[in-house]
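Novice: missing the sequence, but the structure's below:
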């Protein structure tokens, strides 16, 4: 009986995990297909930057459009094993008024973006370059196994 | 003319003008270039598009509402821009209406401005610009005036339809396409496209201000780019990377 209960609970756990994964995946797909909401955050003084993630057989390349930034302030962090966050300080603060918007208040000092990477990467070996405000971060991929042919 | 879309004229429309189309697309090249042209040449709003196919949106500029898809002009030039990403399902009807209207106004040619997505764009110091035309004679003229020709490839989206409908209406059509980022606003590519436009037409503007304002434009254009990217995905814009097969 006990083992049957354990088995049942275990199946439910698996189902829960499966549903959780499905929800995360759905949120991700819906989030990228219908990116609603403002492209700024007045609390964190951040403007959201445009970014791309490219996954190649050997590496993951993340790029971001970071105009008006001080290149030496660029920070690339792994928020968790699948989420990369890029932040950079802008050369000068941007107010809504600078963008021609007078019915909102707030000013922004940073550009920020996040990119989801669905493969394992070696964050310690990342290479960063930034030219003309286009940031490129290259991560080697982990867990590559070569199959030896006989 | 389609019932679901119409162009409302506000001022007399010039005839025998060159019509430039700059709708949101790859790198927002066409939109940035044409908007800059409108601003530098002080073109006035002469018409706008009214359509149930477009989202229920007006754009406010200095407190006054404007239709997102507007037409500007002077005696020799007509410029079409949209501050709204044109929904992919509406693009056929909208482009057909623009070309039909241009033909009715006896435009002498249609010039569609846009970008060609290049994967290694960040390593290119000065984007190259390529041209395509609706007929061989026009293509030869572009070539003689020094415009590089896009020999083989796919064009997807507004430029493709302006070219396709212009051919059926026998209106000469040109596409001017600058190498650009796919989904990052690219004012430098827009500037290069304008530089080439000046070679093949009498539309000449100083691009230095556009290059100076590049970073500001990139900041301002993030939302338009994001929404345009959604529509480009729906139009299968990535097909522009494909190699055509013609044996």
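Specialist: In hand now; what should we look at? All figures in this text were calculated on a predicted structure; none of them were measured in a lab.

Novice: wait, residue B:219 touches residue A:48, no?
Specialist: No: in this structure residue B:219 lies outside contact range of residue A:48 using CB atoms under 8 Å: 10.8 Å. Where you see a C-beta, it was placed from the backbone N, CA and C, and this is true even at glycine.

Novice: those two: who's more crowded?
Specialist: The neighbour count for residue B:219 versus residue A:48, taken as other CB atoms under 10 Å in any protein chain shown, is higher for residue B:219 (23 against 19).

Novice: ignoring the adjacent residues along the chain, who's closest to residue A:89?
Specialist: Spatial nearest neighbour of residue A:89, excluding adjacent residues (CB to CB, 6 or more residues apart in numbering or on different chains): residue A:73 at 3.9 Å.

Novice: surely that neighbour meets residue A:88?
Specialist: Yes: counting by CB under 8 Å, residue A:73 does reach residue A:88; the two are 5.3 Å apart.

Novice: so for these two, which sits in the more crowded spot?
Specialist: With neighbours defined as other CB under 10 Å, residue A:73 and residue A:88 compare such that residue A:88 has more, 27 against 15.

Novice: quick one, phi psi at that one?
Specialist: When read as degrees, to the nearest 10, the backbone of residue A:88 gives phi -150, psi 140.

Novice: do residue A:105 as well
Specialist: In terms of degrees, to the nearest 10, the main-chain angles of residue A:105 are phi -120, psi 140.

Novice: can you report how many residues neighbour it?
Specialist: Using other CB under 10 Å, residue A:105 is surrounded by 10 other residues.

Novice: so what's it up against?
Specialist: Residue A:105 makes contacts with A:42, A:96, as judged by CB atoms under 8 Å, 6 or more residues apart in numbering or on different chains.

Novice: that one and residue B:60: what is the separation?
Specialist: For residue A:105, the distance to residue B:60 equals 17 Å [CB to CB, to the nearest Å].

Novice: what do you get for residue B:194?
Specialist: Counting by CB to CB, the gap from residue B:194 to residue B:60 is 27 Å.

Novice: repeat that for residue A:117.
Specialist: In this view, residue A:117 and residue B:60 are 39 Å apart by CB to CB.

Novice: quick check: residues of chain B near chain A?
Specialist: Contact residues (CB under 8 Å from any CB of the partner chain) of chain B with chain A: B:122, B:181, B:183-185, B:214-216, B:218-220, B:222-223, B:225-226, B:230.

Novice: for the most centrally placed residue in chain A, list each beta-bridge partner.
Specialist: For chain A, residue A:115 is the residue whose C-alpha lies nearest the centre (CA atoms, centre = their mean; 2.0 Å). Counting by DSSP bridges, residue A:115 is bridged to residue A:84.

Novice: got the contact list for it?
Specialist: With CB under 8 Å, 6+ apart, residue A:115 has these contacts: A:51-53, A:62, A:64, A:83-84, A:86.

Novice: of those residues, select the buried ones using a ChimeraX command.
Specialist: This is the ChimeraX syntax for the buried subset of the contacts of residue A:115, where burial follows 16 or more other CB atoms under 10 Å in any protein chain shown:
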select /A:51,52,53,62,64,84,86
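
Novice: how about CSV for the contacts of residue A:115, with secondary structure added?
Specialist: As requested, those are exported to CSV (DSSP: H, G, I helix; E, B strand; the rest coil):
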residue, secondary structure
A:51, strand
A:52, strand
A:53, strand
A:62, strand
A:64, strand
A:83, strand
A:84, strand
A:86, strand
